[in-house]
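Student: give the three-dimensional model of this entry:
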Amino acid sequence: MNNKRKIFIGSRRSNLAKKQTAIALKILKKEVPNNFHIKHILSTGDKVSFREFKNNGGKGLFTKNIDNLLINKKIDLAVHSAKDLPGILDKRLIIGAYLPREDVRDVLVTKNKNIKNLLDLEGKVIFGSSSPRRIYYLKNLFPLARIKNLRGNIESRIKKVLENKIDYILLANAGIKRLNLKFKNINIIKISTETILPAPGQGAIAILCRKNDEDMIKVCNKIDSLNTRILVSSERAFMREIDGDCFTPLAALAKIKGTRFEITARLFSKNGKYFSEHKEISDINKAIKAGKICAKKILKDLEKKIV
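Tutor: Next up, the predicted model:
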């Protein structure tokens, strides 16, 4: 590949997306001394109301505009949060690289300095969230809790807590760490994955390229994190087998322990009343298959509980 070629990278306009693109760019420049240019794009998901968001495909709205530019050769690479990617990508695109994964945990954000653990909460507390996964976990943990719909970027959601409009919110710790957010009046408490499992792909940055762009595939191969690819590919296989989207209340976390691979996942019923959780253990080279098997066992178990 000609090192003088201009490589255009697309991402969303949010502060977190810009930070993640900067992380990707730093890694790319170490491996590939090319001329990179960034295009920040306002995604449909950032513009529409919650109702429109739900009626028009959910998380795919955060990636579609950028991916269309990639398909139409207006950009060469697209940087996304892996958890924002729909289970099935456009057949003309591939995930060329995953960057090393950040902390996968959710965090509790509150002004209450006395809280040390999510499970310290009790009574009629008020949470803000629009994530079905988080909402159903919270309703199971705190039956008396009220949940207010809350969308927006990380900073705007934390602002709701600072303004006393919401008592508690849950966020991905990876985003807070990447933005290096620090507030004097905010208490941020990490939540164990034994208490709440993350969304598939949470904490990972994915870089997409065109399936037929050999130059960009070579570029991506140089920065691809094999461990992250194994883990997130299994979690996404679980999501696809469930036929899950942004509004499916599911969670998954894969781990590599020596030569052993394991994936733990949970799926709630549509009304959140029931759930099934399962851990599947396999060899590392069967990680994707393990994700699919985990999904099949959970679906079968949940079906029995609903009936």
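
Student: CA-only coordinates of stretch 63-82 in PDB, if you can.
Tutor: In PDB, the C-alpha atoms belonging to stretch 63-82 read as follows (Å, rounded to 0.1, in the frame of the first residue of the first chain):
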ATOM      1  CA  THR A  63     -23.800   3.200  12.900                       C
ATOM      2  CA  LYS A  64     -25.900   3.200   9.700                       C
ATOM      3  CA  ASN A  65     -24.900   6.700   8.500                       C
ATOM      4  CA  ILE A  66     -21.300   6.100   9.000                       C
ATOM      5  CA  ASP A  67     -21.400   2.600   7.500                       C
ATOM      6  CA  ASN A  68     -23.200   3.900   4.400                       C
ATOM      7  CA  LEU A  69     -20.300   6.300   3.900                       C
ATOM      8  CA  LEU A  70     -17.900   3.400   4.200                       C
ATOM      9  CA  ILE A  71     -19.900   1.300   1.700                       C
ATOM     10  CA  ASN A  72     -19.900   4.300  -0.800                       C
ATOM     11  CA  LYS A  73     -16.100   4.800  -0.400                       C
ATOM     12  CA  LYS A  74     -16.500   8.200   1.200                       C
ATOM     13  CA  ILE A  75     -14.400   6.900   4.100                       C
ATOM     14  CA  ASP A  76     -12.000   4.000   4.500                       C
ATOM     15  CA  LEU A  77     -12.500   2.900   8.100                       C
ATOM     16  CA  ALA A  78     -15.300   3.400  10.600                       C
ATOM     17  CA  VAL A  79     -14.800   3.500  14.400                       C
ATOM     18  CA  HIS A  80     -17.600   2.200  16.600                       C
ATOM     19  CA  SER A  81     -18.300   1.100  20.100                       C
ATOM     20  CA  ALA A  82     -18.600  -2.700  19.600                       C
END
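
Student: name the residues of that stretch that come out as buried.
Tutor: 63-67, 69-71, 75-82 (16 or more other C-beta atoms under 10 Å). For the C-beta atoms, the positions are set from N, CA and C on the backbone; glycine is no exception.

Student: of those residues, which is the nearest to Pro100?
Tutor: When the buried residues of stretch 63-82 are compared for distance to Pro100 (C-beta to C-beta), Ala82 comes out closest, at 12.0 Å.

Student: excluding chain neighbours, give the residue nearest to the closest one in space.
Tutor: Excluding the flanking residues, the one nearest Ala82 by C-beta to C-beta, 6 or more residues apart in numbering is Gly201, at 3.2 Å.

Student: separation between that neighbour and Pro86?
Tutor: Gly201 is 11 Å from Pro86, where distance means C-beta to C-beta, to the nearest Å.

Student: more crowded one of the two?
Tutor: Gly201 (27 against 21; other C-beta atoms under 10 Å).

Student: was I right to think the more buried one contacts Arg229?
Tutor: No - with contact defined as C-beta atoms under 8 Å, Gly201 and Arg229 do not form a contacting pair (11.1 Å).

Student: quick check: bridge partners of Ala252?
Tutor: Ala265 (DSSP bridges).

Student: same check on the one 4 residues further on?
Tutor: Per DSSP bridges, the residues bridged to Ile256 are Phe261.

Student: ranges for the helices of the stretch 51-200 of the chain?
Tutor: All helices of the stretch 51-200 of the chain, identified by DSSP state H, counting those that start in this stretch, fall at 64-71, 132-141, 154-162, 173-179.

Student: closest to Ala237 out of those helices?
Tutor: With C-beta to C-beta, the closest approach to Ala237 among the helices of the stretch 51-200 of the chain belongs to helix 132-141: 17.5 Å.

Student: give me the buried positions along that closest one.
Tutor: In helix 132-141, counting by 16+ other C-beta under 10 Å, buried: Pro132, Arg133, Arg134, Ile135, Tyr136, Tyr137, Leu138, Lys139.

Student: check the gap between the fourth one and Leu25 for me.
Tutor: I take that to be Ile135. 35 Å.

Student: re the thing from before, which of the buried residues of stretch 63-82 sits closest to Asn180?
Tutor: Closest to Asn180 out of the buried residues of stretch 63-82 is Ser81 (16.9 Å), distances taken as C-beta to C-beta.

Student: doesn't the residue nearest to Ala82 belong to a helix?
Tutor: No - counting by DSSP: H, G, I helix; E, B strand; the rest coil, Gly201 is not part of a helix but coil.

Student: now do the contacts for it.
Tutor: Neighbour list for Gly201: Ser81, Ala82, Lys83, Leu85, Val232, Glu235, Arg236 [criterion: C-beta atoms under 8 Å, 6 or more residues apart in numbering].

Student: try it again with 7 Å
Tutor: Shown in contact with Gly201 (C-beta atoms under 7 Å, 6 or more residues apart in numbering): Ala82, Lys83, Leu85, Val232, Glu235, Arg236.
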